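A.B. asks: model the following, please.
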Amino acid sequence: VEYAKGETKSAIKTLRESLDMSRKELGPDHPEVGGRAAGLAFWLIDEREFAEAGELVDEAIAIRRKALGPQHPQVAGTITIKATLMYATGRYGEAYELAEMARKSLAASMPADSWQVAAAMNTQGAALVGLREYTAAERLLLDSSGGLEQAPIPNLAARGRQRRQPASRWCCRHLRTYSV
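C.D. replies: Presented below is the predicted three-dimensional model:
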């Protein structure tokens, strides 16, 4: 709620406190701790606090894999967050591979138009923009837009639309250049 209101610092402080409390009360390997670590990592990426986000997302993946199994949708969702971190730090090849792995895993257990599948697909498309593979990126980014609109995460759909802009500009220039 705080994050949706634009109170970013307060929201992150609350998430940190919640994670610390969960670790103490539930133990460090509880799936809820993994969920809280993943959520905090997601918001820290937006704040460009990449080192802490990286530690938290790795912790979350390890906890969730151990507690839920490697094919669980929550594991794949956390891998999408890791892919987002790789994208945000300019590691586009790694981001693409992780997002593709997450998307395939999520698509095996969820409807193809779910917001979780769309988030992985959008991150995969964004990584392709970073790799300058605009045509392939645009298809993934466009295909993900409907699912992102369903997301309960504040600003996720807007972020998806922002990622689509570089691919759209390239495709428009390309089509103008080569179509007669």
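A.B. asks: which residues touch A102?
C.D. replies: By Cβ atoms under 8 Å, 6 or more residues apart in numbering, the contact list for A102 reads A76, G77, I79, T80, A83, A120, T123. For the C-beta atoms, the positions are set from N, CA and C on the backbone; glycine is no exception.
A.B. asks: redo those residues as JSON lines? Include distance to A95.
C.D. replies: Formatted as JSON lines, those follow (distance: Cβ to Cβ, whole Å):
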{"residue": "A76", "distance to A95": "15"}
{"residue": "G77", "distance to A95": "15"}
{"residue": "I79", "distance to A95": "11"}
{"residue": "T80", "distance to A95": "10"}
{"residue": "A83", "distance to A95": "5"}
{"residue": "A120", "distance to A95": "11"}
{"residue": "T123", "distance to A95": "6"}
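A.B. asks: of those - the most surrounded one?
C.D. replies: Per-residue neighbour counts (other Cβ atoms under 10 Å) across the contacts of A102 peak at T123, which has 33 neighbours.
A.B. asks: any idea which helix or strand carries that residue?
C.D. replies: Here T123 sits within helix 115-130, counting by DSSP states H and E.
A.B. asks: and that helix, what other elements does it pack with?
C.D. replies: helix 73-88, helix 92-109, helix 134-148, helix 156-178 (3 or more Cβ pairs under 8 Å, 6 or more residues apart in numbering; DSSP states H and E).
A.B. asks: the first one packs against which elements?
C.D. replies: With contacts defined as 3+ Cβ pairs under 8 Å, 6+ apart, helix 73-88 has these neighbours: helix 31-46, helix 50-68, helix 92-109, helix 115-130.
A.B. asks: could you single out the most deeply buried of those helices?
C.D. replies: By mean neighbour count, with neighbours taken as mean count of other Cβ atoms under 10 Å, helix 115-130 ranks first of those at a mean of 27.
A.B. asks: what mean pLDDT would you report for that helix?
C.D. replies: Averaging pLDDT along helix 115-130 gives 94.
A.B. asks: return the residues in contact with the residue nearest the centre of the chain.
C.D. replies: Residue closest to the average C-alpha location in the chain (Cα atoms, centre = their mean): I81, at 3.8 Å. By Cβ under 8 Å, 6+ apart, the contact set of I81 is A38, A41, F42, I45, V57, A60.
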